[in-house]
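[1] I need the structure of the sequence given here:
(3 chains)
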Amino acid sequence: MIKEVVIKAEKLTKRFGDFIATNEVTFEVYKGEIFGFLGANGAGKTTAMKMLCGLSSPSSGHATIAGYDIYKHAEDIKKNIGYMSQKFSLYEDLTVMENIRFFGGIYGLTPKHLKAQSDELIETLGLQAEAKKLVTSLPLGWKQKLSFSVAVIHEPKIVFLDEPTGGVDPVTRRQFWDLIYKAVEQGITVFVTTHYMDEAEYCNRISIMVDGSIRALDTPSALKQHFSTGTMDQVFYQLARGAQRKAD
Amino acid sequence: MKQFISFIRKEFYHVFRDRKTLLILFGMPIVQILLFGFALTNEIQHAGIVICDYAKDETSRKIISKIEASNSFEIQKMLPDHAEIEKSFLQGNTKLAIIFPENFSKDLGHQHKAQVQIIADASDPNTATTLTNYATNIIMDYQQELSNERKMPLSIVPELRMLYNPELKGAMNFVPGVMALVLTLVCVLMTAVSIVREKETGTMEVLLVSPVNPFLIIISKAVPYLFLSVINLIVILILSVTLLDVPIKGSVVLVFAESVLLIITALSLGLLISNVTRSQQAAMLVSMMGMLVPTMLFTGFMFPIENMPVPLQFISYIIPAKWYYTIVKSIMIKGLGFEAVWKETLVLIGMASFLLLVSFKKFKTRLNEDA
Amino acid sequence: MKDVVLNELVKTYGKGSVLAVDKVSLEVEQGELFGLIGPDGAGKTTIFRVLATLLLPDSGGALVTGLDAVKDYKTIRKHIGYMPGKFSLYQDLSVEENLNFFATVFNTSITENYDLVKDIYVQLEPFKTRRAGKLSGGMKQKLALCCALIHRPKVLLLDEPTTGVDVVSRKEFWEMLKGLKQQGITILVSTPYMDEANLCERIALIQNGRILSIDTPENITKQFPDKLFAVKADNMGRLQQTLRNSLWIKSCHSFGDYHHITFKNKSLIAESEWQTGLQHSGMLGHIPQYPQIAALIQTLQESGFQDIEIKEISPDIEDCFINLMN
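    Next up, the predicted model:
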C-alpha cells in the first residue's frame, strides 16, 4: 500500500545572517501518522515548524504541505492545517463558546457545520457547564484540551502541535493524547513536538534535530535498537549530548 | 467575508471587556470637550492693573472709571508715584500699569492730542499683548466719545512699554514652560518605567529577597536620571540663551537649585507611579496621560490660569510644574531673587517631601498579592 | 534542625476566589535535597514565594531556618538564595557583571565564596563577557544558580529551575545540586517533571494546592496500593480502548511504549468470570496466581491483538501521582 505523503521537506534551510538555524532538513510525513519532531531548545525545531506552517519563508530548499508548495501557495497551506502551541491557544477574555465560534468562523465553517462541531466538541470534553465561562477561569489542562479541539475543528489535513502538554498534570496529559488518537482516527495527520520522552513513544515515527540538522529519523523501537538502549530518553540524551549549540 | 465578521465580533468583545480602554475611549473626549470648551480660554478677565494718575482731572477719571467698569481689569491700587509701579509688578499680580501725565486734559484741550503710558508685564507676551489691546480699546472708545462730544477730532496716543520682554518674544514665556514640562515628564516617565521593568523581568523579586534596603534600590534608580536631567537642563539653558536670546537675569545658581527641586519632585512622582503599575506599558501610559496633558494645560504657559474656573485652578495648584514655571520665569525673565519666590519654593519642597514619603511607605517589600 | 517548616499554610488570590495553597504542611531537614513535584497551577510557586518572604500567607505558619517568614523576613533574606522561574537575570549585563552585582547586593564578593560556585562557573567562564540575554537556556540557568549561591546561603529555593531547559542541561543541573548538597546547603526544588523526583532525597507531591504525599521516592512507590503491570500489543491505541472497557481492569494509563494497568479486586469481579479465568489460566500456564492476566491475554487474543506482552513492573512516581490524584 502506497502511503500518501502529506508533508514533504527537501533540504529546507533557514539562515539568519551567518547563522544557519535549520540546515537542509529533509523528510516525509505520511497521512494518518503521528510524527514526533524532537530536538533540544535551540536545535532549530521551532524555526523548521514555522516554515512548514507557512509562517516563515525558507532561505532555500523546498517543501510541500498537504500538496501545496510553501513558496507559491502559503495561504492555501494555512487553510488546510491546524496549529496549537503551548504559548498561545485561546483568547482568555472570551468565553469557551465565543472562542469556538470565532475560530470556526475564521476557518470558514458554515454555521450549521460549526454548530454540529461545537456541540460535539463540548460533549466530548464535558464542558457543558463551562461553555459560557471565560477561558481564563478554566484550569490549564482544560484549556489545553479545548485548544486542541479548536485547532482541529475544521478537520484539517494536518495539525501542528508545538509542545502542547508542557506543565500539565499527568492525567490531563494522557487525556490530551486520547484526543490526538481520536483525531488520527478521523484521518488527521499529527505533527507534534514535545519534551516528554514517553510521548515520543506514542508517535509512529520520530525525528530528532541536533544543531539544525536531523540526526535520526525512525520508529521509536528502531531507534532504541539502533542506540542499544531501552528508553527514548537515553536515545535522545545520546544524540543531544554531542550538541554544539549549548551556549547560543 | 464571514471571516472578517468573525474578527470584528471578536474585537468588539475585547473592547467591551476591557474597562480601562473604555474609560479612555469615552472619558477622554468628554473631558477634553469640557476643558477646551469651557475652561481653557485665552480671554482674560479681572487682570490686575495699577494706575498712576498725575492728571487727576475729569478726562482721566472718566477713563479710569471705564477701566473699572470693564470686566477685563481689576484696579488693584491707585499709585501716587510711578516709581512704585515696578514694585507692584515684581510683587506678582499686576499685569498692567497706566500712567496719566500731569497735563493730560490740558494737552487734549489745547493741542487736541495727549499721551497715556501703558506698561505691561511682558514676561508672558500673549497676555501682555491682549491686555494692552483691551486697554487701548477702552482708551480709543473714550477718544471717540470725547471727539463726538467736543465735535473735534481728538487723539489719545497710548505709549506702550513692554517690561522684561520688550521684543515680545514668545520664547520668554515658553522656555520656562518647556523646562518645566521636559524635566517633569522625563523624570516621571524614566523612573516609573525603570522600576517596573525590574518587576516585569523578575529581577525585582530576587533583589527583594536580599538584605539590601529597598530604600537604596529606589534611590539608585533615581540617581542616573537626576544626573541626566541636570545635563538636559544645561543644554536647554545654553540653547535658550544663545539661540533664542532668552536672558538669565537672575541668579543661575538659583535656577539650578529650583530645577533640582523640581527634578526630585518628579522623580518621587515616578516612584509612586511605579508602585501602582505592573507593566512597563501601563507605567508609560500613566506617566504620559497622567502627566503630559495636565502639565501642558495647567502650568500656565499655554493658558493663563487666572482665567480658568476655580475648580481647575485648584487642579493647577497640585501640578509641581506650575510652581516651578512661576519661579523660573521670575528668576530668569524678571531677574528676581529668592525673596520673591520663597513661597513657591516652599510649596515645591512640600510636594517633594510628601511624594517621597508616600512612595517609600507604599513601596512594597513584598510582591503584589495577585502577582 | 528543620530548615523549612510549613504548618497548614493557606494562601488565596483575588480576595479569596482562588485557593492556591490549601493547608499545606511539610518539613525539610537541614542539608536535605527536597523536591516539590506537581504540575502548573499546583501551588508550587506560591509556596516558594511565601518561604522567600515575598508573600504573606492568609493563615498558617512558615519558618525558614527556624525564623518566622512574616516577622523575621529581614534576617531570613540574608540567608536564603532564591531562584524564581524565568531565571531573573539582568539581560543587558554580562555574566561577570551579573555575578558581581549580586555578590555586592549580599555584601560579599565573588572571590570570597568562589569555592562554592567554582564547578558551575568554569562552564560559564568562556562566556563571561557575553550579555546574559544572549545565553542559551542552560547557561542562563547555571548563571542564575551561581548568583543565588554567591553569598553562601543556608537554604536554596529553586522554583522550576529546569523548565524550558534542554535535556542535557537538566541532567547537568541535578548533578550540580548533588554537589551543592555535599556542601551542607538545604535545597528545596520544585519541578513538574516526575522523573526528576527520583533525584531528590524526599519529595512532596502536590496538586491543586494540596499535598498528595510526602516521603522518600522509594517509600512513595512502595505505597502504591495495587500490583502494577505493563501491557503491550501491536495496536496500542485500540489496546487502550479494549483495556479500558474490560471488566477486569481497574486503571489503565499509557506510559510510552507500554500501558500500565492495575486489576480490580477479586471481590469486585463476578464469580462466574473468575471461574472462567481460572480455567484459562491453567491452559495458558501463565502466572497462575493472577488468573486475571490469563483471562486478559485470552480476551486480547480473541480481539485480534498480536505480539501481546504483559509483565509486572514496579511503579514509579508518575504512577503514584496519577493514583493519588483520583
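[2] and chain C, which residues reach chain B?
    C:13-14, C:49, C:52-56, C:73-74, C:77-78, C:80, C:82-91, C:102, C:105-107, C:147-148 (Cβ under 8 Å from any Cβ of the partner chain). For the C-beta atoms, the positions are set from N, CA and C on the backbone; glycine is no exception.
[3] all strands of chain B, in order?
    Assigned by DSSP state E, chain B shows strands spanning B:47-53, B:73-78, B:94-100, B:113-121, B:155-163.
[4] quick one, phi/psi of the residue most central in space within chain C?
    Centroid-nearest residue in chain C, with Cα atoms, centre = their mean: C:Ile37, separated by 2.9 Å. Main-chain torsions, C:Ile37, degrees, to the nearest 10: phi -110, psi 120.
[5] so it touches C:Cys320, yeah?
    No: with contact defined as Cβ atoms under 8 Å, C:Ile37 does not reach C:Cys320; the gap is 10.0 Å.
[6] Now for those two: what residues contact both?
    Contact criterion Cβ atoms under 8 Å, 6 or more residues apart in numbering or on different chains; residues shared by C:Ile37 and C:Cys320: C:Leu205.
[7] Show me which residues of the stretch 1-150 of chain B are close to chain A?
    So the stretch 1-150 of chain B meets chain A at B:2-3, B:5-7, B:9-10, B:13-14, B:17-18 (Cβ under 8 Å from any Cβ).
[8] Of those residues, keep whichever come out buried.
    Neighbour counting by 16 or more other Cβ atoms under 10 Å in any protein chain shown classes B:6, B:10, B:13 among the residues of the stretch 1-150 of chain B next to chain A as buried.
[9] now the second one, nearest residue through space, not along the chain?
    Think B:Lys10. Leaving aside its chain neighbours, B:Lys10 sits nearest to A:Phe102 (4.9 Å; criterion: Cβ to Cβ, 6 or more residues apart in numbering or on different chains).
[10] Can you list the buried residues in the helix or strand where that neighbour lies?
    For A:Phe102, the host element (DSSP states H and E) is helix A:96-106. Across helix A:96-106, burial judged by 16+ other Cβ under 10 Å covers A:96, A:98-105.
[11] Single out whichever of these has the smallest pLDDT.
    Within the buried residues of helix A:96-106, A:Gly105 has the lowest pLDDT, namely 83.
[12] And for it, nearest residue in space, chain neighbours not counted?
    Nearest one to A:Gly105, counting by Cβ to Cβ, 6+ apart, is B:Ser6 at 3.0 Å.
[13] Contacts only, for that neighbour.
    Counting by Cβ under 8 Å, 6+ apart, B:Ser6 touches A:101-102, A:105-106.
[14] Contact residues of chain C facing chain A?
    Counting by Cβ under 8 Å from any Cβ, chain C sits next to chain A at C:38-42, C:126-127, C:130, C:134-139, C:163-169, C:171, C:192, C:194-195, C:207, C:236-237, C:240, C:253-257, C:318, C:321-322, C:325-326.
[15] Just the buried residues from those, in ChimeraX please.
    ChimeraX command restricting the residues of chain C next to chain A to the buried ones, with burial defined by 16+ other Cβ under 10 Å:
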select /C:38,39,40,41,42,127,135,136,137,138,139,163,164,165,166,167,168,169,171,192,194,195,207,236,237,240,253,254,255,256,257,318,321,322
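[16] Show me what stretch B:76-95 is in contact with.
    Under Cβ under 8 Å, 6+ apart, the answer for stretch B:76-95 is B:47-53, B:97, B:99, B:119-121, B:127-128, B:131, B:163, B:330, B:334, B:336, B:340.
[17] Please save the CA atoms from it in PDB.
    The C-alpha trace of stretch B:76-95 is given here as PDB (Å, rounded to 0.1, in the frame of the first residue of the first chain):
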ATOM      1  CA  GLN B  76      -5.600  97.000  42.400                       C
ATOM      2  CA  LYS B  77      -4.200 100.300  43.500                       C
ATOM      3  CA  MET B  78      -4.100 103.900  42.600                       C
ATOM      4  CA  LEU B  79      -0.400 104.700  42.900                       C
ATOM      5  CA  PRO B  80       0.700 108.100  44.000                       C
ATOM      6  CA  ASP B  81       4.100 107.700  42.300                       C
ATOM      7  CA  HIS B  82       5.200 105.900  39.200                       C
ATOM      8  CA  ALA B  83       8.300 104.700  40.900                       C
ATOM      9  CA  GLU B  84       6.100 102.200  42.800                       C
ATOM     10  CA  ILE B  85       4.900 100.600  39.600                       C
ATOM     11  CA  GLU B  86       8.000  98.400  39.300                       C
ATOM     12  CA  LYS B  87       7.400  97.200  42.800                       C
ATOM     13  CA  SER B  88       3.800  96.300  42.000                       C
ATOM     14  CA  PHE B  89       4.900  94.300  39.000                       C
ATOM     15  CA  LEU B  90       7.500  92.500  41.000                       C
ATOM     16  CA  GLN B  91       5.100  91.600  43.700                       C
ATOM     17  CA  GLY B  92       3.400  89.400  41.100                       C
ATOM     18  CA  ASN B  93      -0.200  90.100  40.500                       C
ATOM     19  CA  THR B  94      -0.100  93.300  38.500                       C
ATOM     20  CA  LYS B  95      -0.200  92.800  34.800                       C
END
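[18] Would you mark the buried spots in that stretch?
    B:76, B:79, B:85, B:88-90, B:92, B:94-95.
[19] which secondary element of chain A has the worst mean pLDDT?
    None of the helices or strands of chain A scores lower by mean pLDDT, DSSP states H and E than helix A:74-80, at a mean of 84.
[20] Now do that helix: which elements does it pack against?
    On a contact count with 3 or more Cβ pairs under 8 Å, 6 or more residues apart in numbering or on different chains; DSSP states H and E, helix A:74-80 meets strand A:68-69.
[21] just to revisit the earlier point, would you write a PyMOL line that selects the buried entries of the residues of chain C next to chain B?
    Buried residues within those, by 16+ other Cβ under 10 Å, are selected in PyMOL with:
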select buried, chain C and resi 13+49+52+53+54+55+73+77+80+82+83+84+85+86+87+88+89+90+102+105+106+147+148
